[in-house]
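Sequence isn't available, so here's the structure alone:
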């Protein structure tokens, strides 16, 4: 999602890598679930997030669409996001006790919160969103440990490649006035990367196989 931000207003002015220590430790959110209650439809899911959810819950895309996720248009592209419970009562995966029921396979945005990403110079860095979490007396923790993502180097490469691919798609969508092309391209991406299930093992191999085919298709519209 494209956002115009002023890092001086929303961050501590620093940029971080996954190996840096950041003051974000919150005692496992003990007694607090505020961030899960005010998310709105902002938790956009990427293919890795869907693979994690489907593997962890032993389910599929169609079942998740029945109350747990929904679709929205993000910068011209149709993408899934976590669904909010009726009445705006927080994330659909939040328990009555205020605990995350998918913590072991929660989306990447949830894992890095209250950190954000800024993309520049062909890569990205993390920044601390200082106004997003009011939990008191935070402690320093290594960001890599905080996110708890296996094979983090592969994951970060995937994040960057997916971001760059979506930018290419959005560029194509912006320049075309043919609504049939817009519809077909969006449906292709949705089916190629989300609806069609991934096997349980080797997400990255499957993703890049699909990406290669999608890049070939995208070249026809450039």
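Good, I have the coordinates. All of these numbers come straight from a predicted model, not from anything done at the bench.

gap between residue 116 and residue 91?
Using CB to CB, to the nearest Å, residue 116 is found at 18 Å from residue 91. Placement of C-beta: from N, CA and C, glycine included.

What average pLDDT does the helix ranked longest in the chain get?
In the chain, with assignment by DSSP state H, the single longest helix is helix 152-175. The average pLDDT within helix 152-175 is 96.

how far does that helix sit from the chain's center?
Here helix 152-175 is found 12 Å from its chain centre; the criterion is CA atoms, centre = their mean, to the nearest Å.

Neighbour count: residue 116 and residue 91, which is higher?
In this view residue 116 and residue 91 are compared by other CB atoms under 10 Å, and residue 91 has more residues nearby, 24 against 19.

Find the nearest non-adjacent residue to the more buried one, please.
If the residues on either side of it in the chain are set aside, residue 91 comes closest to residue 36, at 4.7 Å by CB to CB, 6 or more residues apart in numbering.

For the one you found, which residues are in contact?
Counting by CB atoms under 8 Å, 6 or more residues apart in numbering, residue 36 touches 90, 91, 94, 98, 100.

Got the confidence number for it?
Residue 36 is assigned 86 on the pLDDT scale.

tell me the helices in this protein, going along the chain?
Using DSSP H, helices in the chain cover 7-10, 34-37, 47-57, 61-64, 108-112, 143-147, 152-175, 179-190, 203-219.

closest one to residue 122 among the ones you listed?
Of all those, helix 152-175 sits nearest to residue 122, with 8.2 Å by CB to CB.

what angle sits between that closest one and helix 203-219?
Helix 152-175 runs at 20 degrees relative to helix 203-219, counting by axes from the mean of the first three to the mean of the last three CA atoms, to 10 degrees.

buried set for helix 152-175?
155, 156, 158, 159, 162, 165, 166, 169, 172, 173 (16 or more other CB atoms under 10 Å).

if we take these, which one ends up nearest to residue 46?
Set against residue 46, the nearest of the buried residues of helix 152-175 by CB to CB is residue 162 (5.4 Å).

quick one, what contacts the closest residue to the closest one other than its chain neighbours?
In space, and not counting its chain neighbours, residue 162 is closest to residue 46: 5.4 Å by CB to CB, 6+ apart. Counting by CB under 8 Å, 6+ apart, residue 46 makes contact with 107, 108, 159, 162.
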